[in-house]
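Participant: The following comprises the amino acid sequence and a computationally predicted model.
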Amino acid sequence: MFTGIVETTGRVAGIEPTAAGRRLRVSTALGPELAPGDSIAVSGVCLTVVAADADGFSADVSSETLRVTSLGSRAAGAMVNLERPLRADARLGGHFVLGHVDGVGRIVTLAPDGDGCWLDVELPERLERLAISKGSIAIDGISLTIASLDGTRVGVAIVPFTFAHTTLGAARVGDTVNLEMDVLGKYVARLLEERSASAGQLAGRAHDHR
């Protein structure tokens, strides 16, 4: 479990093909604090550390994860957001983030807005129903609040600290970003879908017995 409060950024130092996908090497000062088996969110994707040292860590990325996240398009030198899992005795500063990416979006606006900046991201159409005004969204692992909503486009206000201490400071229009919708909203949507389906089945049975 993560919170979307990015601890630091790292840099992709190397990518090696494996039988099941790729092995990702990330340079970061967090290396000495990690151990094999630890979980870590890499730009919003929960990965397992397979090796760590003073200069960073390595993690295996499955072919499925490469397919459904932006990690498949990251090259050596790319910056990534990093967050270790939430401790049970820590404050929850963002929102509940699982590190399970729901889809990949694209930055359509990244413009100065006062002391901060304004970010618009185009969502995959299937995620539109899970976005609500003033609701939470994780963009590349960053916990953000949806400030505007126009169809599949969500807008968020980025404060100066977040802009300076995450990969957003190096982002450009057209870049792809990992998206995780609010897990509470996903459960509610699923329950409502099941209720609607059950109601439809009952109505159909009632009609058949007339």
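Facilitator: Arrived safely. Numbers count the residues shown, from 1 in each chain.
Participant: can you pull out the helices in this protein?
Facilitator: Remark: helices assigned in the chain by DSSP state H are 63-68, 160-165, 183-208.
Participant: helices or strands up against the first one?
Facilitator: Pointing back at helix 63-68 there. Contacting helix 63-68 under the criterion 3 or more CB pairs under 8 Å, 6 or more residues apart in numbering; DSSP states H and E are the following elements: strand 21-27. Using the backbone N, CA and C atoms, a C-beta is placed for each residue, glycine as well.
Participant: Now do the contacts for Thr176.
Facilitator: Thr176 sits next to 70, 73, 104-107 when contact means CB atoms under 8 Å, 6 or more residues apart in numbering.
Participant: mind checking how far it is from Ala19?
Facilitator: Distance, Thr176 to Ala19, by CB to CB, to the nearest Å: 26 Å.
Participant: Arg84 now?
Facilitator: For Arg84 relative to Ala19 (CB to CB), the value is 28 Å.
Participant: So for those two, which residue has more residues nearby?
Facilitator: More neighbours surround Arg84 than the other of Arg84 and Ala19, with 16 against 5 (other CB atoms under 10 Å).
Participant: Setting the sequence-adjacent residues aside, check what's closest to the more buried one.
Facilitator: The shortest distance from Arg84 to any residue other than its chain neighbours is 5.8 Å, reached at Ile40 (CB to CB, 6 or more residues apart in numbering).
Participant: how about the one you found, what does it touch?
Facilitator: Counting by CB under 8 Å, 6+ apart, Ile40 makes contact with 30, 34, 46-49, 57, 59, 82-85.
Participant: Please apply the same query to Pro85.
Facilitator: Residues counted as contacts of Pro85 (CB under 8 Å, 6+ apart) are 1-2, 39-41.
Participant: of those residues, the lowest pLDDT goes to which?
Facilitator: Lowest pLDDT among these: Met1, with 90.
Participant: Quick check: it touching Leu86?
Facilitator: Yes. At 5.0 Å, Met1 counts as touching Leu86 under the criterion of CB atoms under 8 Å.
Participant: Pick out whichever of these two has more residues nearby.
Facilitator: Leu86 (18 against 15).
Participant: pretty sure the more buried one is touching Thr3, no?
Facilitator: Yes. Leu86 lies in contact with Thr3 (CB under 8 Å); the separation is 5.4 Å.
Participant: Many thanks, I have nothing further to ask.
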